[in-house]
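Q: Would you be able to build a 3D model of this:
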Amino acid sequence: MMPVEILIIGGGPAGLCAAIQAAEMGSKVLVVDRNNSLGGQLVKQTHMFFGSEKQYASTRGFDIAELLLDKIDKMDNVEVMKSTTVLGIFEDGVVTLENNGKYIKIKPKATIVSTGASEKNLAFPNNDLPGVYGAGAVQTLMNEYGVKPGNNVLMIGAGNIGLIVSYQLMQAGVKVEAIVEAAPTIGGYLVHASKVRRMGVPIYTGYSIKEAHGKDSLEKAIIWQLDEKWNGIPGTEKELDVDVICISVGLSPLSELLWQAGCQMKYIHEFGGFVPARDENLQTSVKGIFVAGDVAGVEEASSAMVEGYIAGMSAASYLGYKLYNMQEVKDDLMQQLNSLRHGPVGEKIRNGITSLMIDNEAAASIDAFK
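A: So this is what the prediction gives:
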């Protein structure tokens, strides 16, 4: 069985920052990712980040990934396993992996789960036609492989991802026919919405897709207005000639491993679904298991990176590694999170966090079971 001090599951923004922080404190770290390259969502993001200089403001996502990976490459106490799937976290602390057909068992002293989130889908007639994509798939095609997904796009969802991907599509020479948002207001930052509106793209709030049409692939989409009960209103239909429907209706935390590990889970609407209860150090109800990033609650990549640093510090501290100014560093990281979570959107996140305090009685019963 392979001995490991700190196992980090997921090499996206949260996982990379967790690895850097834990390694800088002296611990030995193993980063495992199912993809053949690290960086997660950062490698798809061509826009410049908000936040402060500490969160790489005014730097493009793929450049941030390179900066983080350069740091890790220079660390002798960080090992990386790519193209590796974590199969399970078991009650005796054993974690099993699959790498190139090999079954591997490890027993880490601490684990940070930073598995991210998956895209939510949307049910409508003919949603399985070729040409219907998730926003993440469109970003992957364009920004990683340089492939245009089509020529005329209907974007469903006016959150930050929908608005940003719409702008990236137009930068690639793709026409965005419209953006529809079922809610009565735009969910993303107005700065993103203003950019696409200035380029002539209509944004229909209170609208959704009714159905898609096409023989062998997508040829057109029908959208319609919604009433106060979110039902379509007959007679309000609009027909759009599009060969791509891009769905951006939110993310769901990829929390299966946390369920299996026995972590206390809570459904938090603001965080996209079931997320683990945790303490201020991002430790779950199972001692030695920490979380960071979208699996802990869907937010922006900047917040995921800050949470990664906190989780890395907490896991290393759990094993006895210390910084002379650890409390000062932690306070600064918490202040960064608070700053990123300000405003109306941040209020939803703050409200969700208040519901995630660990149930001490439940945690005690889990520890007794182990």
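Q: gap between the two ends of stretch 46-63?
A: 8 Å (Cα to Cα, to the nearest Å).
Q: For it, the averaged confidence score.
A: Averaging pLDDT along stretch 46-63 gives 75.
Q: Near residue 306, how many other residues are there?
A: Residue 306 has 29 neighbouring residues, counting by other Cβ atoms under 10 Å. Every residue, glycine included, has its C-beta placed from N, CA and C.
Q: can you tell me how far it sits from residue 339?
A: Residue 306 sits 9 Å away from residue 339, going by Cβ to Cβ, to the nearest Å.
Q: got it, and residue 277?
A: 24 Å.
Q: ok, now residue 2?
A: Separation of residue 2 from residue 339 (Cβ to Cβ): 39 Å.
Q: Please apply the same query to residue 112.
A: With Cβ to Cβ as the criterion, residue 112 and residue 339 are 23 Å apart.
Q: Those two - which one has more neighbours?
A: Each of residue 112 and residue 339 has its neighbours counted (other Cβ under 10 Å); residue 112 has more, 33 against 16.
Q: you'd agree residue 103 is up against residue 96?
A: Yes. Using Cβ atoms under 8 Å, residue 103 is in contact with residue 96, at 6.8 Å.
Q: Tell me which residues touch residue 267, please.
A: Residue 267 makes contact with 273-274, according to Cβ atoms under 8 Å, 6 or more residues apart in numbering.
Q: That one bridge partners, please.
A: Taking DSSP bridges, one finds residue 274 as the beta-bridge partners of residue 267.
Q: residue ranges for the helices of the stretch 201-350 of the chain, please.
A: Per DSSP state H, counting those that start in this stretch, the stretch 201-350 of the chain carries helices over the ranges 256-261, 301-318, 326-340, 343-354.
Q: Figure out which of these is closest to residue 198.
A: Residue 198 lies closest to helix 343-354 among the helices of the stretch 201-350 of the chain, at 21.9 Å (Cβ to Cβ).
Q: Pull out the buried residues from that closest one.
A: Residues of helix 343-354 classed as buried: 345-346, 349, 352-353 (neighbour count, 16 or more other Cβ atoms under 10 Å).
Q: how about JSON lines for those residues, with pLDDT and distance to residue 86 added?
A: JSON lines is the format used below for the buried residues of helix 343-354 (pLDDT from 0 to 100; distance: Cβ to Cβ, whole Å):
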{"residue": "345", "pLDDT": "66", "distance to residue 86": "31"}
{"residue": "346", "pLDDT": "73", "distance to residue 86": "31"}
{"residue": "349", "pLDDT": "78", "distance to residue 86": "27"}
{"residue": "352", "pLDDT": "76", "distance to residue 86": "26"}
{"residue": "353", "pLDDT": "78", "distance to residue 86": "26"}
